[in-house]
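**Student:** Mind looking at a prediction? Sequence and model below.
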Amino acid sequence: MKTYNVAILGATGAVGTRLIQQLEQSTIPVKTVKFLASSRSAGKQLTFKGEPVTVEEATPDSFEGVDLVLASAGGAVSKRLLPEAVKRGAVCVDNTSAFRMDPDVPLVVPEVNEKALERHHGIIANPNCSTIQMVVALEPIRKAFGLKQVIVSTYQAASGAGQQAWNEMNAQAQQHLNGEEMTSTIYPVKGEAKHYPLAFNLLPQIDVFEDGGYTHEEWKMIHETKKIMLDDMNAKAIKVTATCVRVPVGIGHGEAVYFEVKDEKGASREKIQQLLAKAPGVVLQDDPAKQLYPQPIYAEGKRETFVGRVRADEENSGNYHMWVVSDNLLKGAAWNTVQIAEKLVEKDLVSVTNR
């Protein structure tokens with residue numbers, strides 16, 4: 001049996017620590033593991049399967065002898081280092097936006113477009129967290145009834161902006177409860193001129209604004225969905241639009257998804273529920289009589305995407321609503337990354353080097 005030398009780039013971050021946990025629990029036969037981060041984190045001790053591993057500073061030479069790289073260290077780092085890893089024979093799964101819209105890089109959610117892995121050239125992109133859970137829920141519906149359009153409103157957790165931002169929200173909450181002025185230095189976007197508190201608040205801005213008034217997060221959801229489902233980021237076959245909102249929740253994105261099917265006569269609420277109940281990666285929680293529906297606090301720490309509140313739009317035939325929740329740091333990041341790596345190994349799409 002093949003065994004693999006694996007490197008985790010960005011091992012000390014919120015996603016990186018979860019990448020380690022998911023790799024420990026994965027089916028990938030790991031021969032050696034290497035934890036890479038910035039010079040600030042070099043020398044720290046982490047563990048893998050109970051054994052100590054010292055974090056190393058990430059450089060191009062760090063990837064010598066590495067077969068598989070799981071990366072979540074920021075787009076600039078990925079752009080600089082992952083091509084170096086590929087030159088040295090590694091296959092990289094990247095959890096940043098660096099390569100998502102590159103036409104030569106597969107953008108993969110295994111439940112939706114696993115086959116795209118077969119045409120990788122050394123780098124596979126992990127989609128945006130909010131996109132992942134939506135397409136997992138929509139794909140069984142698209143396969144059965146087709147899709148004309150998708151309109152999504154997101155309720156995205158603080159942790160999606162990073163550990164520092166998450167810490168800032170928690171500090172703001174305590175300041176507010178103490179009757180103090182809330183300190184804001186990060187939300188909605190660290191590099192923007194104005195900052196607002198997230199605690200006890202809602203921010204209808206995630207990432208910077210693009211032309212036309214959409215944020216970059218909204219742009220990503222639109223074009224990533226098209227690339228994943230239709231292999232074309234500008235495809236016209238499905239209309240997609242989004243409004244993305246940051247909410248004062250620690251972990252777990254919620255999404256109100258409104259969609260129109262092509263096969264109006266064939267689709268029904270009951271049939272859609274039946275499809276979702278047996279769809280890979282989906283847990284249906286949909287019993288209004290018992291107040292059963294997905295909630296972020298109960299999705300935390302779980303790999304699945306939870307779907308509920310499925311219902312037909314009574315004003316528009318062929319249109320439906322559903323509520324989708326998932327742990328943005330697991331299915332939205334670490335687990336989807338490791339899941340991609342598992343599929344690469346399963347399909348024998350990773351070469352074992354330097355043995």
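**Tutor:** Nice, thanks for sending it over. Numbering: from 1, shown residues only.

**Student:** going forward, measure contacts and count neighbours with C-alpha atoms only.
**Tutor:** Will do.

**Student:** tell me the domain ranges of this protein?
**Tutor:** 4-127+334-346, 131-327 (automatic domain parsing).

**Student:** Would you format the ones you listed as JSON lines with distance to Val352 and mean pLDDT included?
**Tutor:** Putting the domains of the chain into JSON lines (distance: least, Cα to Cα, whole Å; pLDDT from 0 to 100) gives the following:
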{"stretch": "domain 4-127+334-346", "distance to Val352": "6", "mean pLDDT": "97"}
{"stretch": "domain 131-327", "distance to Val352": "28", "mean pLDDT": "98"}
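
**Student:** Regarding Ala73, which helix or strand does it belong to?
**Tutor:** For Ala73, there is no host helix or strand (DSSP states H and E).

**Student:** Spatially, what comes nearest to it if we skip its sequence neighbours?
**Tutor:** Among residues not flanking Ala73 along the chain, Gly10 sits closest, at 4.2 Å (Cα to Cα, 6 or more residues apart in numbering).

**Student:** distance of the one you found from Gly266?
**Tutor:** Taking Cα to Cα, to the nearest Å as the measure, Gly10 falls 47 Å from Gly266.

**Student:** Those two: which has the busier surroundings?
**Tutor:** Neighbour tally, Gly10 and Gly266, criterion other Cα atoms under 10 Å: the higher count belongs to Gly10, 26 against 11.

**Student:** show me the contacts for that one.
**Tutor:** 16, 35-38, 71-73 (Cα atoms under 8 Å, 6 or more residues apart in numbering).

**Student:** can you do 10 Å?
**Tutor:** Contacts for Gly10 (Cα atoms under 10 Å, 6 or more residues apart in numbering) come out as 16-17, 19, 35-38, 41, 55, 57-58, 70-74, 77-78.

**Student:** Using PyMOL, define a selection of the buried residues within the residues you listed.
**Tutor:** Burial among the contacts of Gly10 is assessed by 16 or more other Cα atoms under 10 Å; the matching PyMOL selection reads:
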select buried, resi 16+17+19+35+36+37+38+41+55+57+58+70+71+72+73+77+78
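
**Student:** Tell me if I am right that Ile151 is in a strand.
**Tutor:** Yes - checked against DSSP: H, G, I helix; E, B strand; the rest coil, Ile151 lies within a strand.

**Student:** Assign Ile20 to helix, strand or coil.
**Tutor:** helix.

**Student:** now it: how far from Val108?
**Tutor:** 20 Å.

**Student:** Looking at those two, which one has more neighbours?
**Tutor:** Per other Cα under 10 Å, whichever of Ile20 and Val108 has more neighbours is Val108, with 27 against 24.

**Student:** from what I can see that one touches Glu114, true?
**Tutor:** Yes - when contacts are counted by Cα atoms under 10 Å, Val108 is listed as touching Glu114 (6.5 Å).

**Student:** Find residues that contact each of these two.
**Tutor:** With Cα under 10 Å, 6+ apart, Val108 and Glu114 have common neighbours 228, 340.

**Student:** show me the residues around Asn95 that make contact.
**Tutor:** So Asn95 contacts 9, 15-16, 70-75, 78, 124-129, 332-334, 336-337 (Cα under 10 Å, 6+ apart).

**Student:** which one's the longest helix in this protein?
**Tutor:** Looking across the chain with DSSP state H, the single longest helix is helix 129-145.
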